[in-house]
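Undergrad: I need the structure of the sequence given here:
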Amino acid sequence: MKLLPFLLLSVALPLASTRAAEPALVVLDSLAALADYASRDRVRVKLKPGVYLLNDATLARAAEVKHPAVAGKATGSYRVNTLLHFAGSDSVYDLAGVVIHLDTKLHQTVRGPLDKIFISGDRTTLSGLEFVDLGDTPAGRGGLRMLHVIGNGNRIENVTLRARGSAPYGYGNLLGKGGNALVPLYKQSCLLITGRDNRIVGAKVIARVFGHGIVMQGAVNTLIQGCYVEGELRLTDDMLKETSGPAHGVGFQSDYPPGKITPGQMVALSEDAIRAYPRGSQVGDRRTENVTVIDCMVRNMRSGVDLAAAAGKVTVTGCTTIGCTEKGYSIPTDGVITRSAGDAMYAPLLSLHEKNGRNCQVELRLLGTTSAYRPKRLAEINGSNHRIVIAPDPAGEPIEPLPIVFGASFWADVHHFRDPTATLESLTGARGIELHNLTTMPVVLGPTARDCVVTTRGPLLQDQGQNNQVRPATGSAQP
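TA: The predicted structure follows:
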């Protein structure tokens with residue numbers, strides 16, 4: 001019995017020795033010191049509040065991050081230049097009250113691709129930073145990101161990104177957006193996510209660049225919550241008044257139908273607010289999957305919440321899109337939108353443009369705001385076995401009618417413009433879809449709509465499809 005206390009002590013000591021101590025808080029007062037601590041594991045850092053000017057190219061460093069290992073495949077790597085590289089793991093960086101002003105001349109001083117803030121570490125929190133581009137010098141070759149999160153399990157909280165510096169800027173994607181653009185492109189994305197299990201909470205993105213707001217490429221299990229993304233708009237009438245510049249230089253041609261810039265259009269000058277690409281070359285071509293977007297707001301971007309290219313579980317809850325010029329919302333097979341809203345001032349509220357998309361669940365509220373530059377459609381619906389509810393906002397709905405169209409989409413129009421031999425059947429299709437239209441907006445069932453069931457308060461303008469059922473809605477206009 002006398003040995004018992006010793007035995008208990010001998011067990012307890014190893015357990016106590018493995019308990020890691022909480023790292024001490026370190027307070028810094030320079031970007032050079034922050035850059036040094038950003039490479040360390042298990043640190044707690046606070047940068048003193050204030051305005052810091054980042055205009056020194058000597059902070060630039062080359063970085064290389066190996067692609068995730070894949071069985072039977074050689075492991076490559078992502079190589080990039082950085083200005084602030086958070087390579088450490090299990091660290092906390094409190095940057096509340098910190099404003100970093102970046103001289104955009106650095107965009108071209110650093111040769112090759114540049115991720116201005118690069119987070120490759122894991123399980124790290126970065127909070128409170130405001131990062132501001134000063135000037136409009138575009139990127140050099142290789143592309144430009146203001147903030148790139150490639151590490152895993154990180155939390156980016158209450159950051160503000162004010163991005164400037166891309167070319168061309170002022171025409172949206174009218175001059176093209178890929179390798180076959182009518183003019184050379186030097187784009188900048190605001191916040192790129194390519195890692196796993198990352199959380200973007202309370203971010204504010206003010207985009208004054210041709211590029212995306214918050215974009216995922218090869219990201220897995222991403223949460224985007226309480227974020228705000230804003231771009232700016234421009235009338236094509238103003239573009240057509242130019243007597244020099246990139247649009248004038250190509251005779252006001254456009255990469256989109258009808259092949260030229262036409263008057264009377266409102267155009268977002270940035271790309272999409274919250275966007276998923278199918279894969280990410282930065283992480284070995286990994287598939288983008290499992291995206292959750294909660295309580296976010298978008299203003300004046302090309303698209304609002306565009307997740308159609310993601311895989312896995314995709315949910316959008318409590319979001320609002322205003323003033324988008326291509327579409328408000330788009331989701332993939334099995335995607336879900338609930339308690340969300342948006343307008344159709346310049347573009348459809350909803351675009352389900354994939355004819356092979358399936359089983360989407362959508363609940364959207366149509367805001368009553370309208371404009372003189374109205375789109376052709378309120379919603380464009382393709383795919384199969386979706387259940388869609390579109391309800392009016394309690395404050396009222398648009399006075400001018402906009403049709404909800406089955407079997408049509410902006411992208412079908414674009415593909416047919418680029419390849420006139422493409423048939424409607426090859427580009428569109430709506431099968432077995434259930435729509436509850438609680439607005440007074442009209443409904444059009446196109447030739448590729450089959451076996452759909454529509455309950456509507458608005459009129460049926462046309463049914464060119466097969467075996468569709470249309471009946472009047474009764475009761476409340478709310479879902």
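Undergrad: Quick check: buried residues in stretch 63-75?
TA: Within stretch 63-75, the residues that count as buried by 16 or more other C-beta atoms under 10 Å are A63, V65, H67. Any C-beta I mention is one placed from the backbone N, CA and C, and that applies to glycine too.
Undergrad: now the end-to-end length of it.
TA: One end of stretch 63-75 to the other measures 16 Å (C-alpha to C-alpha, to the nearest Å).
Undergrad: Helices of the chain, residue ranges please.
TA: Under the criterion DSSP state H, helices of the chain are mapped to 4-17, 31-37, 106-109, 236-239, 246-249, 410-418, 424-427.
Undergrad: quick one on the thing from earlier: turn the buried residues of stretch 63-75 into a markdown table, including pLDDT.
TA: Formatted as a markdown table, the buried residues of stretch 63-75 follow (pLDDT from 0 to 100):
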| residue | pLDDT |
| --- | --- |
| A63 | 96 |
| V65 | 97 |
| H67 | 96 |
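Undergrad: The helices of the chain: lowest mean pLDDT?
TA: Among the helices of the chain, helix 4-17 has the lowest mean pLDDT, at a mean of 38.
Undergrad: returning to what we had before: and of the buried residues of stretch 63-75, the nearest to L161?
TA: A63 (19.7 Å; C-beta to C-beta).
Undergrad: Tell me how many other residues surround the closest residue to that closest one other than its chain neighbours.
TA: Of all residues not flanking A63 in the chain, T82 sits nearest, at 5.0 Å (C-beta to C-beta, 6 or more residues apart in numbering). By the criterion of other C-beta atoms under 10 Å, T82 has 25 neighbours.
Undergrad: pretty sure T82 is in contact with F118, am I right?
TA: Yes - at 4.2 Å, T82 counts as touching F118 under the criterion of C-beta atoms under 8 Å.
Undergrad: quick one: common contacting residues for the two?
TA: Counting by C-beta atoms under 8 Å, 6 or more residues apart in numbering, the shared contacts of T82 and F118 are A63.
Undergrad: where's the residue nearest to A63 relative to I150, distance?
TA: Here T82 is placed at a distance of 11 Å from I150 (C-beta to C-beta, to the nearest Å).
Undergrad: And the most centrally placed residue in the chain, how close does it get to S384?
TA: By C-alpha atoms, centre = their mean, the chain has its centre lying nearest to I274, at 1.8 Å. Distance, I274 to S384, by C-beta to C-beta: 25 Å.
Undergrad: Equivalent analysis for T474, please.
TA: Separation of T474 from S384 (C-beta to C-beta): 27 Å.
Undergrad: Of those two, which one has the most company?
TA: S384 (19 against 7).
Undergrad: quick one, what contacts the closest residue to the more buried one other than its chain neighbours?
TA: Nearest non-adjacent residue to S384, counting by C-beta to C-beta, 6+ apart: R431, 4.2 Å away. Applying C-beta under 8 Å, 6+ apart, we find R431 in contact with G383, S384, N385, A449, R450, D451, C452.
Undergrad: Most neighbours among the residues you listed, please name it.
TA: That'd be A449 among the contacts of R431, by other C-beta under 10 Å, with 28 neighbours.
Undergrad: I'd like to know the beta-bridge partner residues of that one.
TA: Residues in a beta bridge with A449, per DSSP bridges, are A430.
Undergrad: L147 and Q265, how far apart?
TA: When L147 is compared with Q265 (using C-beta to C-beta), they lie 31 Å apart.
Undergrad: So between those two, which is more surrounded?
TA: L147 (26 against 18).
Undergrad: Distance of the nearest residue to V283 once chain neighbours are set aside relative to L28?
TA: Distances taken as C-beta to C-beta, 6+ apart place G218 nearest to V283, at 4.0 Å, with adjacent residues excluded. According to C-beta to C-beta, G218 stands 32 Å off from L28.
Undergrad: Check T428 too.
TA: Applying C-beta to C-beta to T428 and L28 gives a distance of 57 Å.
Undergrad: Ok, T288 next?
TA: Counting by C-beta to C-beta - T288 and L28 are separated by 35 Å.
Undergrad: Looking at these two now, which is surrounded by more residues?
TA: Using other C-beta under 10 Å, the more surrounded residue of T288 and L28 is T288, with 28 against 18.
Undergrad: residues in contact with the closest residue to P168 other than its chain neighbours?
TA: Of all residues beyond its chain neighbours, the one nearest P168 is P246 (4.4 Å), with distances taken as C-beta to C-beta, 6+ apart. The contact partners of P246, taken as C-beta under 8 Å, 6+ apart, are A167, P168, Y171, L175, V183.
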